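Asker: have a look at this fold, sequence not included:
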């Protein structure tokens, strides 16, 4: 009987001190969560930073992680709609289903931009809720870190003071980073650029940079010769000197346009891990700022 009670006590103790299991959709979410939670949670990353965030392969191996998770943190605004929800259905974990306490959609805490008045197939791959790439604005990082800190505190109240302390430290650090970014970007206000896809809009809006057009004729539609020639003429007329290229679309068209217009072509990360060496939040935004405004 004594042995049985001892075993029961050990099991109860391990359950009380078990770490939260957190699944996150993208690397930037993992990095923010790590800043707040440190070693108090176990984090499973579902997608790599150099992948197209719209089209992640829903590997069956991820189902077991989702089945055991206490919290799921996603970007939202339909960015994961094509790959995450089949995994959630297979995992059948009520703790992290939409609407549950363990389901955190970060897009619900951000005022989304580029919200279309209407959506038709003729518009290409358009998100009805608005542009989902809000993480490209470094000023959104503190908002998201606070949301994650509060959610972790709700699910793991025993470590609430730990999460709060880490959040306050990170907030202080990030405010200092924002002052640096804002100062550096002032000299590039009013600059005109061309994007491959409307991936960097939040960064451009934040710093007063105009996106004249996209290399894609429509969102999600590959470039064609007619649109490319028209774009070259438009860039020459408006004196556009910078082309923003992401890592997961083809680069051939952008190189051709750069050659014809003399514009500078820069490859930019859209997330932590998108480019070699961009392995932290600081380096992610440092790279965006230094490559766009030099």
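Answerer: Alright, I've got the coordinates. Here the structure is a predicted model, which means the values were calculated and not measured. Numbering: from 1, shown residues only.

Asker: the host helix or strand of residue 290: which residues count as buried?
Answerer: Assigned by DSSP states H and E, residue 290 belongs to helix 281-292. Neighbour-count burial for helix 281-292, counted by 16 or more other CB atoms under 10 Å, picks out 281, 284, 285, 286, 287, 288, 289, 291, 292. C-beta: built from backbone N, CA, C; applies to glycine.

Asker: tell me what that helix is packed against?
Answerer: Under the contact definition 3 or more CB pairs under 8 Å, 6 or more residues apart in numbering; DSSP states H and E, helix 281-292 sits against helix 27-37, helix 160-185, strand 264-267.

Asker: residues in contact with the first one?
Answerer: The list of residues contacting helix 27-37 from outside it, by CB atoms under 8 Å, 6 or more residues apart in numbering, reads 20, 22, 24, 41, 43, 45, 47-49, 73-75, 106, 135, 141, 144-145, 148-149, 152, 163, 166-167, 170, 271-273, 280-281, 284.

Asker: same thing but at 6 Å, please
Answerer: Applying CB atoms under 6 Å, 6 or more residues apart in numbering, the set of residues contacting helix 27-37 from outside is 24, 43, 45, 49, 73, 135, 144-145, 148-149, 152, 163, 166-167, 170, 271-273, 281.

Asker: tell me the pLDDT of the spatially most central residue of the chain.
Answerer: In the chain, the centroid-proximal residue (CA atoms, centre = their mean) is residue 135; its distance is 4.9 Å. Per-residue pLDDT puts residue 135 at 98.

Asker: on that earlier part again, state the mean pLDDT of the helix holding residue 290.
Answerer: Averaged over helix 281-292, pLDDT sits at 98.

Asker: re earlier: possible to save the helices and strands packed on helix 281-292 as TSV with distance to residue 86 and mean neighbour count?
Answerer: TSV is the format used below for the helices and strands packed on helix 281-292 (distance: least, CB to CB, whole Å; neighbours: other CB atoms under 10 Å):
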stretch	distance to residue 86	mean neighbour count
helix 27-37	20	23
helix 160-185	32	15
strand 264-267	31	16
